[in-house]
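>>> fold the stuff below for me.
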Amino acid sequence: MKKVWLFVIIIAVIIVAVLWFTVSVRNSLIAMDESVNANWSQIEAQLQRRADLIPNLVSAVKGYAVHEEKIFTEVADARARLLGADGAQAKAEASDELSNALGRLMAIAESYPELKADISFVRLQDELAGTENRIAVARTRFNDAVRSYNAAIRQFPGSLFAGGMGLTMREYFESSTGRTALEQTPEFKF
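Alright, predicted model coming up:
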């Protein structure tokens with residue numbers, strides 16, 4: 001009788017250990033997935049912040065450079081593409097386009113000394129620079145979370161559970177030109 005109870009206890013301990021292991025791995029994968037989602041939300045928030053600043057910046061420049069309509073159209077189109085983009089790669093490419101258009105807008109702004117001295121333009125420029133820094137930080141955090149998550153679902157024991165949980169590899173938020181986030185940030189010199 002003692003051998004039966006010992007056998008039952010051993011089986012119960014094994015079942016509890018397997019259940020604990022399963023729950024632990026699943027919870028870890030879920031936490032990593034949520035971390036990737038949260039970090040992606042931060043990128044989207046900062047991209048939205050930048051997109052929201054752009055109409056004010058364009059308006060400030062328009063007041064001084066009325067005849068530069070082509071660049072205003074390019075900035076507006078790039079902003080619309082960014083707001084309509086889905087997925088990390090599409091957002092990264094649209095963000096690159098917007099950064100390039102903003103760089104051309106800032107180059108035009110350099111031609112107008114009155115604009116460079118305008119306090120509202122200077123404030124908008126500072127806000128934009130701060131937002132670009134926030135985007136760079138959010139991009140780094142997101143890519144770190146994606147790297148950890150992708151490794152976890154490919155390595156044992158996560159690979160045993162990932163398919164059944166519907167977890168797949170996530171895309172990094174990378175510049176389409178292959179540059180890092182800090183190299184991607186437009187530099188505005190006035």
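>>> I'd guessed residue 110 sits against residue 116; true?
Yes - using C-beta atoms under 8 Å, residue 110 is in contact with residue 116, at 7.0 Å. No exception for glycine: its C-beta is placed from N, CA and C like everyone else's.
>>> ok, the spatially most central residue of the chain - contacts?
Compute the mean C-alpha point of the chain, and by C-alpha atoms, centre = their mean the closest residue is residue 43, 3.4 Å away. For residue 43, the contact set (C-beta atoms under 8 Å, 6 or more residues apart in numbering) comprises 91, 135, 138-139, 142, 173.
>>> again, but for residue 26
161, 165.
>>> other SSEs contacting the one helix or strand residue 108 maps to?
Per DSSP states H and E: residue 108 is located in helix 88-109. Packing partners of helix 88-109 (3 or more C-beta pairs under 8 Å, 6 or more residues apart in numbering; DSSP states H and E): helix 2-62, helix 69-84, helix 119-154, helix 181-184.
>>> low pLDDT regions in this protein?
Residue ranges of the chain with pLDDT under 70: 176-190.
>>> and for residue 41, the neighbour number?
12 (other C-beta atoms under 10 Å).
>>> swap that for residue 170, please
Residue 170 has 21 neighbours, counted by other C-beta under 10 Å.
>>> number of nearby residues for residue 92?
24.
>>> er, residue 151 I mean
Other residues within reach of residue 151, judged by other C-beta under 10 Å, total 11.
>>> quick one: it from residue 10, how far?
Per C-beta to C-beta, to the nearest Å, residue 151 is found 34 Å from residue 10.
>>> good, wrapping up.
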